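**Q** After the sequence you'll find the predicted model.
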Amino acid sequence: MLFHVQIDVRVPHDVDTEKLKELSAKEHERAKDLQLQGKWVHLWRVAGKYASISILDVDSPAELHEILNSLPLYPFMEVEIAALCRHPGSLELTK
Ligand SMILES: O=C(O)C[C@H]1C=CC(=O)O1
């Protein structure tokens, strides 16, 4: 199942800079693992924002929830999700 996921990161002003750096590094490691597993198929920065747009390919909404919940920066994230299905005009060149 494909999901479009928009993540806006809202970091509270009182978060320690070093702690934030550490969480960001862990976040990128986790994102890398999920990409290598084929779960996180697109990861794009939204230009000019601390935000991203992603496509995840997971087995269920429950798995998506589990993955998002496992992200180190999750406590600071606002997440918008849309479930995707094939558009009838798509050439179906990808799965
Ligand atoms: O946008 C960020 O850098 C925060 C977070 C969201 C996805 C990811 O890999 O890191």
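**A** Looks like it came in fine. Numbers count the residues shown, from 1 in each chain.
**Q** So A47 belongs to a strand, correct?
**A** No. Counting by DSSP: H, G, I helix; E, B strand; the rest coil, A47 falls outside a strand, being coil.
**Q** quick one, phi psi at it?
**A** When read as degrees, to the nearest 10, the backbone of A47 gives phi -60, psi 130.
**Q** burial of it, as a residue count?
**A** Using other C-beta atoms under 10 Å, A47 has 6 neighbouring residues. For glycine as for every other residue, the C-beta is placed from the backbone atoms N, C-alpha and C.
**Q** Roughly how far does it sit from S54?
**A** Here the criterion is C-beta to C-beta, to the nearest Å. By it, A47 lies 15 Å from S54.
**Q** now swap in L68 and tell me
**A** On the measure of C-beta to C-beta, L68 and S54 end up 10 Å apart.
**Q** what mean pLDDT would you report for stretch 72-92?
**A** On average, the pLDDT along stretch 72-92 is 95.
**Q** Need the contact partners of it.
**A** By C-beta atoms under 8 Å, 6 or more residues apart in numbering, the residues outside stretch 72-92 that reach it are 1-12, 15, 23-24, 26-27, 30, 55, 61, 64, 68, 71.
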